[in-house]
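A.B. asks: Model the structure of this input:
(chains A and B)
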Amino acid sequence: MAQEIAPTVKSPRVYTNIHVSQIVRYRMPMAAIVSILHRISGALLFMLLPLAIWLFDTSVTSEITFDRFRSVFAGGVGFLPGWFLKLVVLAMIWGYLVHFIAGLRHLWMDVTHSVSMRQGRVSANVTLVLSTLLTLLFAARLFGLY
Amino acid sequence: MADKFGSKRLVVGAHYGFADWLVQRVTGGLMALFTLVLGAQLLFGGPLGYNRWAGIFASQWMKVLTFVVIVSLAWHAWIGMRDIWMDYVKPVGLRLTLHLFTIVWLVGCAGWAVQVLWRL
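C.D. replies: Numbers count the residues shown, from 1 in each chain, chains lettered A, B, ... in the order given. Next up, the predicted model:
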């Protein structure tokens, strides 16, 4: 009896995420790239949260702090030069745009039940192109090109 | 509820997953709405100086919306960061430590943001 039953008892399959070091060796489809970028940008925004609140604080509290807000971008703060702060803020802007558009993509997929591979690839492309273009637009404004 | 007992009772889950999924979308939607509202006010209304920037947050409805967004952001980030820790960090002690750090970080940031918002 036991011998007949035994083969039907399978050892449970172990599901694991791919390790971070394996990511570069995987040939990922566009949707997978957007998915991991959604996660990376979310973590980035989480870490930069104090900077976002500090920018809100200094820019909105009073005219004196507003002047300080402006001078920090022009002349830097402490040992950090202004251009470095602009780069960090640009990273935050990039993270926000990627996360925002990738989030809208999720809402769109939920509402319209668009789950085919083609829809996933197209919307992933739209997410990447749109977020990159908008980031460039913000970068040009931030570094005073217009 | 008929499905709490009997042969057709629901035997799986406390629906935490569904709740998190729904909260993530509702809070995300609120933040998206805030982004559009703030963006519209920034784009239209002339040159942007201190007075116009601070004026945007002066009205009571904008304060309430911003407050809702601060709470939404903390909740949204908690679910997202907890998912990241649960996926990549397996040792229980380290994971618990990171969960605690995330909670302290988010509550601290939310408190600071609310303080900035309501002393205006």
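A.B. asks: Could you pull up phi and psi at the residue in chain B positioned nearest to chain A?
C.D. replies: Nearest residue of chain B to chain A: B:Tyr50, at 4.2 Å (C-beta to the nearest C-beta). The C-beta positions use only the backbone N, C-alpha and C, and glycine is treated the same way. In terms of degrees, to the nearest 10, the main-chain angles of B:Tyr50 are phi -60, psi -50.
A.B. asks: What number of residues are in the vicinity of it?
C.D. replies: 18 (other C-beta atoms under 10 Å in any protein chain shown).
A.B. asks: now do B:Leu94
C.D. replies: Around B:Leu94 there are 11 residues (other C-beta under 10 Å).
A.B. asks: which ones are touching it?
C.D. replies: By C-beta atoms under 8 Å, 6 or more residues apart in numbering or on different chains, the contact list for B:Leu94 is empty.
A.B. asks: mind checking which helix or strand it is in?
C.D. replies: helix B:92-118 (DSSP states H and E).
A.B. asks: in that helix, what counts as buried?
C.D. replies: By 16 or more other C-beta atoms under 10 Å in any protein chain shown, the buried positions in helix B:92-118 come out as B:98-99, B:102, B:105-106, B:109-110, B:112-113, B:116-117.
A.B. asks: Show me the subset of the residues you listed that also lies near chain A.
C.D. replies: Contacts with chain A are made by B:102, B:105-106, B:109, B:112-113, B:116 out of the buried residues of helix B:92-118, judged by C-beta under 8 Å from any C-beta of the partner chain.
A.B. asks: all helices of chain B, in order?
C.D. replies: B:16-43, B:50-56, B:60-88, B:92-118 (DSSP state H).
A.B. asks: quick one: the second one to chain centroid distance?
C.D. replies: Mean C-alpha position of helix B:50-56 versus that of the full chain (C-alpha atoms, centre = their mean, to the nearest Å) differs by 25 Å.
A.B. asks: Counting by contacts, list what that helix packs against.
C.D. replies: Contacts defined by 3 or more C-beta pairs under 8 Å, 6 or more residues apart in numbering or on different chains; DSSP states H and E place helix B:50-56 against helix A:49-60, helix A:63-75, helix B:16-43.
A.B. asks: right, and these - which one's nearest A:Leu107?
C.D. replies: Of all the helices and strands packed on helix B:50-56, it is helix B:16-43 that lies closest to A:Leu107, at 6.3 Å by C-beta to C-beta.
A.B. asks: No further queries at this time; thank you.
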